[in-house]
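*Asks:* predicted model, plus sequence, below.
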Amino acid sequence: MTQLALIVLIPFIGALLPSWALTAGRLWSAWVTGGVVVSALALLVAPAWAVMQGETLLWQLDWLPALGLSLGFRLDGLALLFALMILVIGLLVILYARWYLAERDPMGRFYAYLLLFMGSMLGLVMSENLIQLLMFWELTSISSFLLISYWRQREDARRGARMALAITGGGGLALLGGILLLGEIVGSYDLSTVLAAREIIHAHPLYLPALVLILLGIFTKSAQFPFHFWLPHAMAAPTPVSAYLHSATMVKAGVFLLARLFPALSGSEAWTWLVAPTGMATLLIGAYTALFKHDLKGLLAYSTISHLGLITLLFGIGSPLAAVAGLFHIMNHATFKASLFMAAGIIDHEAGTRDMRRLAGLWRFMPQTGLLAMIAAAAMAGVPLLNGFLSKEMFFEKTVYMATFEESTWLLPVLATIAGALAVAYSLRFIHDVFFNGTPTDLPRTPHEPVRWMRVPVEILVVICIAVGIFPSLTFGPLLAVAAGATLQAPLPAYSLKVWHGFTPALGMSMLALSGGALIYAIRRPLFRWHERTLGQLDARWLYEVWERALLQGSRVLDHLIHRRSLQDMLAVLIIAAAAMLLLGFWGMPLTGSATLTPLDPVSAAAAFCLAVGALGTVVLHRQRWTALVMLSVVGLIIALAFVKFSAPDLALTQLAVEMVTIILLLLALHFLPAETPRESSLARKLRDLLLALLGGGLTTVLTWAVLTRPYDSISDWLLRNSVPGGGGSNVVNVILVDFRGFDTLGEITVLAIAAIGIYMMLRDLRLEAPRADAQGRPWSSDAHPLILATFSRLLLPLALMVAVFILLRGHHLPGGGFIAGLIIAVALVMQYLANGVLWTQTRLSGELHPLIGLGLLLATATGLGSWYFGAPFLTSAHGHWSVPILGEIELASAMLFDIGVMLVVIGITLVILIRLGRIGLMQRRAPISNSDPKP
Amino acid sequence: MSAVTAHGVIAPILVPLLTGTLLVLLRGSATPLRRTLSMLGVQLLLGVSLWLLLQVADGEILVYRLGNWAAPHGIVLVADRLAAGMVLLTSVLALFAMMHAIQGSDRRGRQFHVLFQFLLMGLNGAFLTGDLFNLFVFFEILLIASYGLLLHGGGAARSRAGLHYVVINLVGSSLFLFAVGTLYGVLGTLNMADLSQRVAALGPEDIGLVRAAALLLFLVFALKAALAPLHLWLPGAYSAAGPAAVALFAIMTKVGAYSILRVYSLIFGADAGPLAGLVDPWMLVLGLITLVVGTLGALASQRLALLVSHLVVVSAGSILTAFGLGGEAALSAGLYYTFQSTLVVAALFMLTENVARTRGAFGDELRAGPMLPAANLLGGLFLVLALAVAGLPPLSGFIGKVLILKASVGAPAAMPWIMAIVLITGLLTLIALARAGSTLFFKTETHARTASLPNVAKLVPVAALAGISLLFVVFASPIHGYAQAAAAQLVDPGGYLEAVLGAGATDNDADADTDTEPAKMAEVAGPRRTTVHSPPDQIMPAH
């Protein structure tokens, strides 16, 4: 039955057409849209025939089995009933909208949205898989958002659309939760399985949560109290949308699901107590509020809410007969309410207003529309010989039946009669206030009959109302029977669709409602005054707005508290979190390990003391930036000494060189900053920071202690043993750097390269004012390049370069290597810049230096790639002995090339930063000259 | 054996490294030549990533021994399904971000392409490495390159956000070193597979210390992943960055999530004795808190870029909630969610810039602005992406969210919380996005100047990513199937351990090299290389 999938798919594909057809004219756009619907209807004919014979058609395709999601469509009586409603009323709405929409309204967009909605709705009612059903469910919410906000420039349309989306979309999410629970209970999301699993579902502890969540979805969608308020606001949509979505189809999705899951979920106390009272409350509140609405569409909206409440109540009662009555009322309500909305649209269109306080006596101007509206309103009121009467009679009958059955109370029939009377009253008002009741005054337009074609859809629907009202079993009868069969999934109860059942209590209630309604309408003026003083002040929208505002403002306050944080606060959070992690980790576990402690020698103690003083001094003196920097360098130097003590000359050398270069660069950078940091922190802040520092430092000490007191046993033994045989070098640090873990080194020089590029990028466009005097007001020395320094540094350069080459070459066996060599060369070149100035140096070392970084990276990477040629993995090194004249026997490893790459990158980054920083000062110093000597 | 098949595992790292290096050597900022080179690099990367994914899709785990040193002494790259999936995700994202960048935003500053390529290198390296210290190195590459990209385009807001970003993350890096140092000090190794075995054999006296280090490491990864309350750096930084850069940043939080998943499934996984499942409850609780906090931020945002940045936090929360649940179903749900949400959020970032450009002085501020001449196009794209990111059908976010929820149903204790928070935050996200969308595309300020037309070429990558989101729904089964298979490898890391450490892995390509080629190497290089590999049991010192 691929046809089923096609029926759903056609409107989605068709949604692309209306805008395209619009180029040929507005009528064409409507024709094409109608054509899409007709083709879907045509496809439905054959399956419909089969369903009418009692078959249930299924079509399924695996989609995401892990989730239990399959693409599946199902056409049984219930789905057919809804599909027909959706397509037929949809067709009429399309015809109607062609004449309703104004010239300036973009028609293509309207029809596209409408078809999207139609497809979603068809998918919803024909879904076999519950998750797929939910997907279409949310799609109807989304497409209705688009339709309600169709007149997007209007504030009320945007608000109404957002409200509808929030409520129905949110309900959809609750429904999702419910469906997931239901699927967990049953083990499948397929309707066929779920509908047959009534016992399992009811016995499961998750039944109640699942039921509540599913009902939340249903009640929001079908505008049940207390979620009903979105529906009147959705009336900001163009009237064809209201006629289609908010009377015939979308709001029926909720009650559709109520019917769909009826066999699986109903029949428990929880069901009755949740569904029936909600329906009853909605029925009464809707009917009551409808009476007092001055807006035609507002009246119809509340009337719709009331009728949806009635249907919900019927399903809540839970007996098979009540369900049949509910289905019947769904059909009847769709026909008369759609026609009423269309009539209201015509009135609005031709008279220019929907306000019943301004409309009156329209009978004289539009008698045909008036007649149609009158019949439809009579159906709504439940006047005999019209379809509304029949289903309302069935409803009254059920309430009486319930009352006798429960023997507890006559409340149900009484409330039902009151609701019926209210319905009669607002129907009367709809007719009397608009078409009679004097003559119209001050209308924006002179009313007249609409275009013929605009009335045709209304005529068709009204004819159906009358036909069903008189010959129920010949018209809706067969469809109702298959729909009821599909809903109940059981043999049908005995019911009769007849106009006359004899003198029954239900007939009495009908008569009572009719006369009561007339009475209420007669005394409407005092009632209105009373209502406006009391209940009229209440508005559920107000609740929503309070909630929305509270949500937004609450989120802003919280957001401000959480997210508008200073860097210091963020760091505090980070440090506290780190401390918490360490404490949690250590908790209840021994800290000190089993290793024996080495005795403390006085030199180490002194060094440690200096280290602490240096660190403390940096903190205490941090406002004097220069001094703090000097204190900081103490820390670096002591660390270099520590490396020496622990026999790591490589690291000591590196540390020393790094220390020098960074301090020089930092000094250059500090040149552009004020010498002192302003006082900014309050005492409380300082105390907090002190505590954080103690916490962080203390825990780091504990961590270090814990690690150092444990016996150390690691892969480094293997590295030491294999350095010579495997890596071809006796300096294991270097072998680790360029061979064992050469990939890390490649990564780190990439970091350096990126940093250099970043700094280059940042400083290139920087313009800074360098101070001409220091903090004490002494001007900087005018002798920027003292002769002695300049001369010595020039002499030093070749020596330094030679040392660097030496360090590089011996690196693989003895302390040294590319990193240190690079730093030494960098320091030597930095000296040239400092001693001789940027200009002097640049004439000798021209060009941008960042390609040097690229070259270094390229060399290192290429060395790594070279091993591919020998069929070995990246960075595999090779080494060997060669006899070289003069130098004698030397050993070279391919890692040497890699090391040269490292060296180039190190030189590159140092010089790039230096030159950039130097240039900032240079530009600034040049500036006055160029000012005094402007170029012509 | 061609170079690609033998060295395919390292190719996703080398391709951007070489491209980036060549770009450093070329002069100028975003010349056509540099753009072409950069784009070619990204396309090549996509090719090799796809190839890698196809190699490992059948369950094979490829190990690449750098410098031909076997684990645990050398560094190894390991490509399993998860790593290959993340690498491919990075490449796909890179392609679309690059398409967007070469429409002009790469000219707003210097060296965009260099930084972009190095960022890709850092991402792929982090996903592929099997060594904890090497992971740190790639984190550094990521951090520095992203810092450079964040500053791209300049301006006070970016400098400020950049400073916050880099300072916080440098502290994070220091903590990473503390943790790695501690683990090395106690366990004596850096290879993750080897760490895993040593943790399994840990003596009771060292449990506290290793637990402290493990929790500290979790903190570092949580900082990267933007898990509350360590997410504070993210909204400011991401909302200040340029479009193509921040589109790529969308995957950076996923590096944190990935690292959590890798380290805590491999090293502190089921076999870790008293340390097994160490961080799972944390992840779950913090993930849920992150969801809430991110949603609050999104609701309160007054700018679209800030809103989307908060959605990155929300997505991180969802992912870690799923990971925190543990088990194959939850992990695969989390992975599916990761794949799709990364792409969707990136597209939203790019779209934000397009909208801001057309609105002129109004930028991305959420207030009534000029009438947009292309409101239907821009608004339509926004709608699709908003649905995807809020987890509404028919887009990928919906499937991702349902998968996570379904996984939670299997954990009865946490289920009500997860369900309530995930569903309610979903609704609130929807409300925030509906407000933003209707303000930006519907509400107009009558006296404002008409906005300019959007650059349609810039919308192509956005539309393509939206299309991919739809494809994630259509092909949900194969994609989720892949995620599920990847999760299976994580839940049972035996295959990983064997591939990295064991002798049973000789049948794969990379290993075949090590058995046959070193001898040849030795001949070429000289006679002294004798010891190549010792069997692992001899290498490891006795405990």
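*Replies:* Arrived safely, thanks for sending. Numbering: from 1, shown residues only, chains lettered A, B, ... in the order given.

*Asks:* so where do the strands sit in chain A?
*Replies:* For chain A, applying DSSP state E gives strands covering A:57-64, A:69-75, A:879-884, A:888-893.

*Asks:* now the second one: buried residues?
*Replies:* By neighbour count, with 16 or more other Cβ atoms under 10 Å in any protein chain shown as the criterion, the buried positions of strand A:69-75 are A:Leu69, A:Ser70, A:Gly72, A:Phe73, A:Arg74, A:Leu75. Where C-beta positions appear, they are placed from N, C-alpha and C, glycine not excepted.

*Asks:* and the residue of the stretch 151-300 of chain A found nearest chain B, what pLDDT?
*Replies:* Proximity of the stretch 151-300 of chain A to chain B (Cβ to the nearest Cβ) peaks at A:Arg152, 3.8 Å away. Note on A:Arg152: pLDDT of 87.

*Asks:* now do the same contact list for it.
*Replies:* A:Arg158, B:Ser438, B:Phe441, B:Phe442, B:Lys443 (Cβ atoms under 8 Å, 6 or more residues apart in numbering or on different chains).

*Asks:* which one of the buried residues of strand A:69-75 is nearest B:Leu53?
*Replies:* For the buried residues of strand A:69-75, the minimum distance to B:Leu53 (Cβ to Cβ) is 24.4 Å, reached by A:Leu69.

*Asks:* okay, and the beta partners of the closest one?
*Replies:* Counting by DSSP bridges, A:Leu69 forms beta bridges with A:Leu64.

*Asks:* now do A:His881, the pLDDT please.
*Replies:* 65.

*Asks:* and for stretch A:203-215, what's in contact with it?
*Replies:* Contacts for stretch A:203-215 (Cβ under 8 Å, 6+ apart): A:174-175, A:177-179, A:181-182, A:184-185, A:201, A:257, A:261, A:265, A:268, A:270-271, A:274-275, A:278, B:416.

*Asks:* at 6 Å what do you get?
*Replies:* Applying Cβ atoms under 6 Å, 6 or more residues apart in numbering or on different chains, the external contacts of stretch A:203-215 come out as A:Ala174, A:Leu175, A:Gly177, A:Gly178, A:Leu181, A:Leu182, A:Ile185, A:Ile201, A:Leu265, A:Ala270, A:Leu274.

*Asks:* buried set for whichever strand or helix holds B:Val78?
*Replies:* Assigned by DSSP states H and E, B:Val78 belongs to strand B:76-79. Neighbour counts using 16+ other Cβ under 10 Å place B:Val76, B:Leu77, B:Val78, B:Ala79 of strand B:76-79 among the buried residues.

*Asks:* name the residues of the stretch 301-450 of chain B found near chain A, please.
*Replies:* Within the stretch 301-450 of chain B, the positions near chain A by Cβ under 6 Å from any Cβ of the partner chain are B:392-394, B:405-406, B:409, B:419, B:423, B:426-427, B:430-431, B:434, B:438, B:442.

*Asks:* the nearest residue to A:Gly286 once chain neighbours are set aside: neighbour count?
*Replies:* Distance criterion Cβ to Cβ, 6 or more residues apart in numbering or on different chains; nearest residue to A:Gly286, sequence neighbours excluded, is A:Ser306 at 2.9 Å. A:Ser306 has 25 neighbouring residues, counting by other Cβ atoms under 10 Å in any protein chain shown.

*Asks:* so what's A:Ser306 up against?
*Replies:* A:Ser306 touches A:Leu283, A:Gly286, A:Ala287, counting by Cβ under 6 Å, 6+ apart.

*Asks:* any low-confidence regions in the stretch 1-150 of chain B?
*Replies:* Filtered on pLDDT under 70, the stretch 1-150 of chain B yields the residue ranges B:1-5, B:27-30.

*Asks:* give me the pLDDT value at B:Phe472.
*Replies:* At B:Phe472, pLDDT is 96.

*Asks:* mind listing what B:Asp271 touches?
*Replies:* B:Ala200.

*Asks:* give me the distance between it and chain A.
*Replies:* Distance of B:Asp271 to chain A, given as Cβ to the nearest Cβ, to the nearest Å: 20 Å.

*Asks:* ok so that residue is a helix residue?
*Replies:* No. Assignment of B:Asp271 by DSSP: H, G, I helix; E, B strand; the rest coil gives coil, placing it outside any helix.

*Asks:* confidence score at it?
*Replies:* Value listed for B:Asp271 in the pLDDT field: 82.

*Asks:* A:Gly123 is in contact with A:Ile86, correct?
*Replies:* No. The criterion here is Cβ atoms under 6 Å, and A:Ile86 misses it with A:Gly123 at 10.3 Å.

*Asks:* more neighbours: which of these two?
*Replies:* Ranked by neighbour count (other Cβ under 10 Å), A:Ile86 and A:Gly123 place A:Ile86 first, with 28 against 24.

*Asks:* residues contacting the more buried one?
*Replies:* A:Met121, A:Leu122, A:Thr249.

*Asks:* mind doing that once more with 8 Å?
*Replies:* Residues near A:Ile86 by Cβ under 8 Å, 6+ apart: A:Met118, A:Met121, A:Leu122, A:Val125, A:Ala248, A:Thr249.

*Asks:* what's the distance between it and B:Gly162?
*Replies:* Distance of A:Ile86 to B:Gly162, given as Cβ to Cβ, to the nearest Å: 55 Å.

*Asks:* chain neighbours aside, what residue packs nearest to the closest residue to chain B within the stretch 1-150 of chain A?
*Replies:* In the stretch 1-150 of chain A, the residue that lies nearest chain B is A:Met135 (3.6 Å; Cβ to the nearest Cβ). What sits nearest to A:Met135 in space, not counting adjacent residues and going by Cβ to Cβ, 6+ apart, is B:Pro393, at 3.6 Å.

*Asks:* and the one you found, which of the three is it?
*Replies:* Classified using three-state DSSP, B:Pro393 is coil.

*Asks:* what distance do you get for A:Leu461 to A:Lys392?
*Replies:* Distance, A:Leu461 to A:Lys392, by Cβ to Cβ: 18 Å.

*Asks:* kindly report the same for A:Val194.
*Replies:* For A:Val194, the distance to A:Lys392 - Cβ to Cβ - is 32 Å.
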